[in-house]
Each structure stands twice: as C-alpha cells, then as structure tokens.
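# Could you work out the structure for the sequence below:
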Amino acid sequence: MRLTFRRLFYDDRNKIMFCAIPKTGITSWKKLLMQLASDSPYELDTGIHNLTTLAEHGIKVFTKVYKEEQRNFMLNTYHKVLAVRHPVLRLISAYKDKFFDDLYSQRHNELIIETYRTAPVDPFSPYVNRPTWLEFMHFVLEHEKSQGDVHWMRYESLCQPCKHNYDSIIKLETIDEDVKDFLRFFDKGNVSYSHSNPSIGQEEKTLDDYMNELPKDMWEKLIEFYGLDMAMFGYSVDLNRGRLFCDYSKIPMPRRLVQSTTSYEDNEEDLVTLRCC
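Next comes the predicted model:
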C-alpha cells in the first residue's frame, strides 16, 4: 500500500488523483495535470518530476496526506486516473531508455552483466559496458519476481487497480482520443496535451527485432509475469508469432465518465469491469 501512495499525485482544485506509472507517458501527464491545477493554457516544461515544483503548481503527492480519514475520503471521491500501455512495449521502452540511451543505475548494470553474461562481447560492440536486451530480460524474469523496479514493475503492484476503483483508464495506444474524453469530462477544452520523450535505443533496431530475440520459453515466462496486467487491460501476445495485441473493446470505462462523453454510449454492455484476481 505504501508503494501505491508514493505513485499517487492529486489536484485539490479539480479533485483529480493520478497514479504515475513510469514508461506510460507520465512526463506528459504531469504537464497536463499542472496545467489543470494552475488553470494555465500553457504546457509547463520545467521541474516536471520535482515534488516542490509540482506542489507549487497544485500537484501534491499522496504520501503527504497523513490522516487516514482524509486519505479514504480522497480515494473514494476524487476522480482517479490510471495510464497504461502494453506491458511488453513498456518493458522494451524501459530497457532502451534506462540501459541503452542512458545509464539508469550502475548497480543494476553491473549486476545484470555479472549474473547473466555467459560469453565475451566484441570490444567494439555497444554492449561492452551495458546489458543486452536478452540479458536484461533474464534479469527481469528471474531476479525481479521478488525485487521489482518501478520502471518495469507490474501495474497490479504499482497502483493496485483491483483495490482502487479508477475512474479513467488511459491507454497510450489510444492516448489522443482518451485524453480528449478526459478533458471533456472536466470541461477543459482550452488545455493542450502532447506526448513526447520517446526512447530511442539501438539505431535501426525495430520492435520486431526485440521480440524475435526472445526464445519461446522466455515468451512464456513473460506472459506469465505480466499475465494479470494484460488480462485487466485487454492486452495479449501471440506466442507463436511474437505479435502484440490490444483489444480496444476491453478498455475499462467507468459509468460517470461514459455518461459525460460523446465517444461512448451509456450502455451496460459497453462497460468493461477490470478482471482482477
């Protein structure tokens, strides 16, 4: 529960609460929330991840709410938002951003190479001092079951969607339309949103390249690892082809948001409940 509280940010002005999951567009979301909380039509580009700067623009972290009664009131009444993306795409993005584009953690870097490197690497290879994608995958699936990092930890552990009834589920795959619906709900048509900060990774290496490097047994472990996350939000993997799917008919849309938008009809059959264990 404490971990979830550290991921939760809130805006008292609009009664919005957002669970910040790395690699799902949280930089863009924090910019948007600061716009809403400060009633500014302009994107704010500095101090996005600085708690003091966020607080100055009306965005506070939930751990600063100390009274249990107040916490429960906010969890039950504020409009709770959760942004997600296909777990496999999120994992690839985390690897490219944290181990190829930049060095996220020397401790992680050394541990992965020492534990999972089984053969010497060409001295001219970009992987001399950084883990390969396959080595990183071994680390996540064998080491991280008990010790997770927030950049690839499962949604169920980070934000507890089975326990907290989120009012808006935003998918990165459908971000433009989802954000429009979200802003229409709050009657904030003057606020802009743009998604940026892409992970680059190795030049000319495609998504197919990353997926094709994984042997079948690793795909099976990966599906098991992220199984609940995928089931909750309509994601899946074709094991034989290594293809990723997002079933857009399984986007959980709560009733009070459905009733306020033009994109979805208020039809009981259109409402999809999170499938939790």
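
# Could you use CA atoms for every contact and neighbour count after this?
Fine.

# Just the buried residues of stretch 94-105, please?
Residues of stretch 94-105 classed as buried under the neighbour-count rule (16 or more other C-alpha atoms under 10 Å) are 94, 95, 96, 97, 98, 99, 100.

# What is the nearest of those to residue 74?
residue 94 (31.0 Å; C-alpha to C-alpha).

# With just CA atoms, put the helix or strand in which the closest one is found into PDB.
Residue 94 is part of helix 87-95 when elements are defined by DSSP states H and E. Only the C-alpha atoms of helix 87-95 are listed here, as PDB (Å, rounded to 0.1, in the frame of the first residue of the first chain):
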ATOM      1  CA  PRO A  87       3.300  -4.300 -20.800                       C
ATOM      2  CA  VAL A  88       5.800  -5.700 -23.400                       C
ATOM      3  CA  LEU A  89       6.100  -2.300 -25.100                       C
ATOM      4  CA  ARG A  90       6.600  -0.700 -21.700                       C
ATOM      5  CA  LEU A  91       9.400  -3.200 -20.900                       C
ATOM      6  CA  ILE A  92      11.200  -2.600 -24.200                       C
ATOM      7  CA  SER A  93      10.900   1.200 -23.600                       C
ATOM      8  CA  ALA A  94      12.300   0.800 -20.100                       C
ATOM      9  CA  TYR A  95      15.300  -1.100 -21.500                       C
END
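
# next structured bit after that helix?
helix 106-116.

# buried ones in that next one?
108, 109, 112, 113, 116.

# And the helix holding residue 94, what does it pack against?
Packing contacts for helix 87-95, counted by 3 or more C-alpha pairs under 8 Å, 6 or more residues apart in numbering; DSSP states H and E, involve no helix or strand.

# what pLDDT does the residue nearest to residue 216 when sequence neighbours are not counted get?
Distances taken as C-alpha to C-alpha, 6 or more residues apart in numbering put residue 239 closest to residue 216, at 7.3 Å, once the chain neighbours are dropped. pLDDT, residue 239: 73.
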